[in-house]
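1. Dropping the sequence and predicted coords here.
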Protein chains: 2
Amino acid sequence: MKIALAQINPTVGALEENAKKINAYINKAKKQGADLVVFPELAITGYPPEDLLLKPQFIDDNLSCLKDIIKQTKGIGVYVGFVNRVGKDLFNAGAFIVNGKIIKVYHKNNLPNYGVFDEKRYFKEGKDSAVVNFKGMKIGLGICEDIWVEKGPYKGEAKAGAKIILNINASPYHVGKINERQKVLGIRAKATKAHIVYVNMVGGQDELVFDGGSMVINSKGKLIALAAQYKEELLIIDEKGGNISPRLGILEEIYEALKLGIKDYVGKNGFGGVIIGISGGIDSALTAAIASDALGNSNVHTVFMPSEFTAPQSREDSEIVTENLGVRMDVIPINEIFAIYNSSLATIFKGRSADITEENLQARIRGNLLMALSNKFGWLVLNTGNKSETSTGYCTLYGDMAGGFSVLKDIPKTLAYELVDWRNKKKPVIPKSIIDRPPTAELKPGQKDQDTLPPYDSLDPIIKAYVEENKSAKQIVAKGFDKVTVDRVISMIDRSEYKRRQSAPGTRITKRAFGKDWRLPITNSYR
Amino acid sequence: MKIALAQINPTVGALEENAKKINAYINKAKKQGADLVVFPELAITGYPPEDLLLKPQFIDDNLSCLKDIIKQTKGIGVYVGFVNRVGKDLFNAGAFIVNGKIIKVYHKNNLPNYGVFDEKRYFKEGKDSAVVNFKGMKIGLGICEDIWVEKGPYKGEAKAGAKIILNINASPYHVGKINERQKVLGIRAKATKAHIVYVNMVGGQDELVFDGGSMVINSKGKLIALAAQYKEELLIIDEKGGNISPRLGILEEIYEALKLGIKDYVGKNGFGGVIIGISGGIDSALTAAIASDALGNSNVHTVFMPSEFTAPQSREDSEIVTENLGVRMDVIPINEIFAIYNSSLATIFKGRSADITEENLQARIRGNLLMALSNKFGWLVLNTGNKSETSTGYCTLYGDMAGGFSVLKDIPKTLAYELVDWRNKKKPVIPKSIIDRPPTAELKPGQKDQDTLPPYDSLDPIIKAYVEENKSAKQIVAKGFDKVTVDRVISMIDRSEYKRRQSAPGTRITKRAFGKDWRLPITNSYR
């Protein structure tokens, strides 16, 4: 039997376009002689459709797209994800269609309702496993979470004689996820003595990136086919096995996730290009590099906005980076604007000395200029804040936090350096002077990040323990960190919730980002 | 038997303070001779604790607070909400404590996971109903949602002989909710032939307001005691019944919800006061009135920020409102700042005519000035956008949307007029000239809201149908609205998701606000 794994990139809500894409892949699979073609979870609606699922019309429209797909299945079997409705209940479902007829609808048994997932908000749990007879072979059906749980439907399906288990997914990326998947699938394959055909979605959707990497594990637990990461692909497998794509290294994997995150946010939302405030620091340089790699240099615009506190080196370095990347850099000084704000506020501020107010004001002037460029030219503002800043609130609301998409939102500062290093190895674009210079916001004379924050190499692991692992202060100190520092960092994180609530979305690459998987109250007295 | 309903206002995460408050109310109840005192759902943690529940230390700390409470129960029965842990599982639980000993722990059977609720993210469902024998009386236990569902535990409890059913709540307000509650409780009381003791929380928590209104319904379905709305209270009931507080009218109910929403956001987050950009329009006038009523006039500051497009009437009206309210008004003109931005951008914008860019820029200058005042004086910025604007995106990100709390976020423009009218009847504060003048953003010459938006009296019902009722365009047109208008409004709503994602929290007063109950993807091609 020849099976095609259709690793496609649907767009949430683009029901008709998604159906067209599915039909195109069905035809491609037919041409390659496939007996069966398998699509991702909720391939028709895109994932996650979120509260679109509460619109009855949306469900109807998805069902009518399924009908169109059914018509394309002459001479081939198709397993495709859609939203089913039975009475008033919705199900995250898979239709097994053969020759113009649905022969089985499977309802996802295990609905994730943790992390970034809210499936119990929308769906009822299916109760039954499902085995279909197809061309003399018994095939078990499943969807995503079903294969991750101990008591998944695959058990019953294997008992009923299934030799192939189809598991369709919209499995979001985090660092190393592909290895976790392979490990679990290997265990399931050995336990069931069945081949596991694991089809993942690919593409960016707001904060999530689906990384592809669809795979087939044989009944002995061995990987016998692997689709590319971050790309659409029709992977064909038969008795002899299939192609095994090379696996990306960790840094490349992250870099590609960020690229796809921007590319699909910009593309699927129809922006003509992006604008980045470039400062001479490492974050904006890295953001510009990723954007340029993702969108092409002609679609990336940068603006350098010096103040009286900006060192000449910042401009020189910004020029080198933008020249290396071949992206446009405009210059708009903010001194005069800043001066007028100060004089406008002088009466009200009388008798009070300069403080964080004036620092934030500069950041917000830059935010305004970026938004003006966005409004005038239709460019999306990419903000350049990293996870270390977003965690501690070392960033200005409506200032450097302004923007439609936050490329490095889930990238700790130390990882930003590693990514720059990795990118420079491919082709040097970010000069050593940016890498070597101590990080500074340049909002007052002689300012350095480390005046306010602990050194990044101790800050970042504290953030990881608190944010990603829900560790208490006590537990983090027990790991060997200084108590005063730990308490200070945790307090900064807790007190910054109001800023994060108004932050732009950004690509998730860790097990816990500041997105749907982080739901902390703003009003919160727990310390 | 004398039962005390302790309608308290805990703060999320303030475990020890909440426990202290609970202990104080236990002592108050003892002094009034109560046999039993009943506290709200999750009274120890506050509601909703959200992802604090994922911190093991938080659960431990809540359990140790429960121990402190147990010590206070000599000579009295207490039913109080807390988070229980059994193995690795968490339960939304109620402890029935008598004389220093827990005699029963009830686990909530029905976990809401819709609307603003995410309880299945955290809790496992309890499976059992619970009846306790207390002073010769059989009492059934339940928590919130348990009383709303057809197959709730109250059924089994009544069968087992319960004559009183305790139902403890953190039930968020929306318009008319108190009547819905009384209706359901009446049905349950008649069906079970038991008294229903319904204890609600009171207080503001980010976007939610718990409105109190705890009540007792007798076994014939009659209301025999009602606590005040929006206030802490210890309501005592015995065989002769209890006090029945007067019920607020709809507009007063909404106005009080908005007041409590601000008051608790400001108070629980420790702000010294608020700052409002006052424009001469109805929204900022209403916001100032509510803030002043909630916080006292000395804690409310306003700033008038005229541009070249500001009519003299705007200033006069702003002066009248602030004088009537007794709140400070500063004036900072933005002309010069605006001029410098324009000249700074002139080279890049060369050959392009003025458009929305310049309008947004003015709004963002005002946003920056408000934030500067906030930074310098520690005042919370209240933004003044209403639901009609937030829905259609008729508002500027980082401009008039800037702020920590959005008072009118869930108030449609037409309702804002009704609230002004209601407030003026108590004591006239907002002059007729503000009410009669056609709404304008004053961002370009002769601008009126109705140049861009349909008239509010047709816009608002379309928004309600689409946002609150998930109606399709077709269904809304069938109600008698113009198709072109409906399509245009829906398209504006859909395209503004990116703005709402970065908007400040604001008090929810409808069945669906733009908060936790609105989870739409930004990247969304469904039309």
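-> Noted; the coordinates are in hand.
2. Can you name the residues of the stretch 151-300 of chain A sitting close to chain B?
-> Contact residues (Cβ under 8 Å from any Cβ of the partner chain) of the stretch 151-300 of chain A with chain B: A:G204, A:Q205, A:D206, A:D264, A:Y265, A:K268, A:N269. Yep, even glycine has a C-beta here, placed from its N, CA and C like the rest.
3. let me redo that: the stretch 301-450 of chain A
-> Proximity of the stretch 301-450 of chain A to chain B is confined to A:330, A:332-334, A:336-337, A:340-341, A:344-345, A:348-349, A:352, A:355-357, A:360-361, A:364-365, A:367-369, A:371-373, A:375-376, A:397-398, A:402, A:404 under the rule Cβ under 8 Å from any Cβ.
4. and the residues you listed, which of them are in helices?
-> For these, membership in helices holds for A:336-337, A:340-341, A:344-345, A:348-349, A:356-357, A:360-361, A:364-365, A:367-369, A:371-373, A:375-376, with DSSP state H as the criterion.
5. Just give me the neighbour total for the residue lying closest to A:T357 once chain neighbours are set aside.
-> Sequence neighbours aside, B:N375 is the residue nearest to A:T357 in space, at 3.8 Å (criterion: Cβ to Cβ, 6 or more residues apart in numbering or on different chains). One way to gauge burial is a neighbour count; for B:N375, by other Cβ atoms under 10 Å in any protein chain shown, it gives 19.
6. and B:N375, what is it in contact with?
-> For B:N375, the contact set (Cβ atoms under 8 Å, 6 or more residues apart in numbering or on different chains) comprises A:D355, A:I356, A:T357, A:N360, A:L361.
7. Quick check, the last one in contact with A:S344.
-> No. With contacts defined as Cβ atoms under 8 Å, A:L361 does not count as touching A:S344, sitting 10.7 Å away.
8. These two: which is more packed in?
-> Under the criterion of other Cβ under 10 Å, the comparison of A:L361 against A:S344 puts A:L361 first, with 26 against 20.
9. and that one, what is it in contact with?
-> Each residue near A:L361 by Cβ under 8 Å, 6+ apart is listed here: A:F338, A:Y341, A:N342, B:N368, B:M371, B:A372, B:N375.
10. Try it again at 10 Å.
-> For A:L361, the contact set (Cβ atoms under 10 Å, 6 or more residues apart in numbering or on different chains) comprises A:334, A:337-338, A:341-342, A:345, A:354, A:396, A:399, A:443, B:368-369, B:371-372, B:375-376.
11. next one: A:Y456
-> For A:Y456, counting by Cβ under 10 Å, 6+ apart, the contacting residues are A:N386, A:S388, A:P412, A:K413, A:T414, A:L415, A:A416, A:Y417, A:P439, A:D449, A:Q450, A:I463.
12. okay if I get those as a markdown table plus neighbour count and pLDDT?
-> Compiled in a markdown table, the contacts of A:Y456 are given as follows (neighbours: other Cβ atoms under 10 Å in any protein chain shown; pLDDT from 0 to 100):
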| residue | neighbour count | pLDDT |
| --- | --- | --- |
| A:N386 | 28 | 98 |
| A:S388 | 27 | 98 |
| A:P412 | 24 | 98 |
| A:K413 | 23 | 98 |
| A:T414 | 17 | 98 |
| A:L415 | 22 | 98 |
| A:A416 | 24 | 98 |
| A:Y417 | 16 | 98 |
| A:P439 | 20 | 92 |
| A:D449 | 20 | 90 |
| A:Q450 | 13 | 89 |
| A:I463 | 23 | 98 |
